[in-house]
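S.K.: can you look at this prediction? I've put the sequence above it.
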Amino acid sequence: MSMRREALAYLICGMCSMAVSWACMAAVHFVFFKMDPHPGPGPNAVLGLVNWVSGMLAAYILNRYFVFKTSGPVANEFLRHVTSRIGTLGMDQVFRFFLGLAGLGVYAITFIALCVTTVLNYVLGKYLVFLQDYGKGGKDA
């Protein structure tokens, strides 16, 4: 797969992952918090966790089968995916903290953090998580 096509597939799968994460968060919000527009810190933390976990799981499945097309054992690959996503989540929070201190608005901060974490997630996915067997007669050889 060409780099351009792979990057496009990654972006499309990313939008699908985002849709899944928002739908899961909305379902939990509806069922457990009655769609309260101001649910408070505890429920907000739960909703954020549901959003992140469901998006991360959807991203793993979509990236494995439609972007990087790996077919090896799942356990180590999944662990690398989760670890890399936790790392970029931490980086996202650091960006938000320091860009907030710099006086940027929440939407500017979100856009900058989204761009950086998307590129980093792609690079980590390609070179750390979804490893291809290029030199040993794998499907990309």
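M.R.: Ah, there it is.

S.K.: what stretches of the chain score poorly on pLDDT?
M.R.: 1, 133-141 (pLDDT under 70).

S.K.: quick one, longest helix in it?
M.R.: The helix spanning the most residues in the chain, taking DSSP state H as the definition, is helix 3-33.

S.K.: just the buried positions in it, please.
M.R.: Neighbour counts using 16 or more other C-beta atoms under 10 Å place 6, 9-10, 13-14, 16-17, 20-21, 24-25, 28-29, 33 of helix 3-33 among the buried residues. Placement of C-beta: from N, CA and C, glycine included.

S.K.: tell me, what residue is most central in the protein?
M.R.: For the chain, the residue nearest the mean C-alpha position is Met56 (4.9 Å; C-alpha atoms, centre = their mean).

S.K.: roughly how far does it sit from Met3?
M.R.: Taking C-beta to C-beta, to the nearest Å as the measure, Met56 falls 24 Å from Met3.

S.K.: again, but for Cys24
M.R.: Using C-beta to C-beta, Cys24 is found at 31 Å from Met3.

S.K.: what residues of stretch 51-69 count as buried?
M.R.: For stretch 51-69, a neighbour-count test (16+ other C-beta under 10 Å) marks 51, 54-60, 62-64, 67-68 as buried.

S.K.: wait, I meant stretch 38-46
M.R.: 39, 46.

S.K.: outline the domain layout of this structure.
M.R.: 1-67, 71-141 (automatic domain parsing).

S.K.: what is the host helix or strand of Val116 packed up against?
M.R.: When elements are assigned from DSSP states H and E, Val116 belongs to helix 106-124. Counting contacts by 3 or more C-beta pairs under 8 Å, 6 or more residues apart in numbering; DSSP states H and E, helix 106-124 packs against helix 3-33, helix 74-101.
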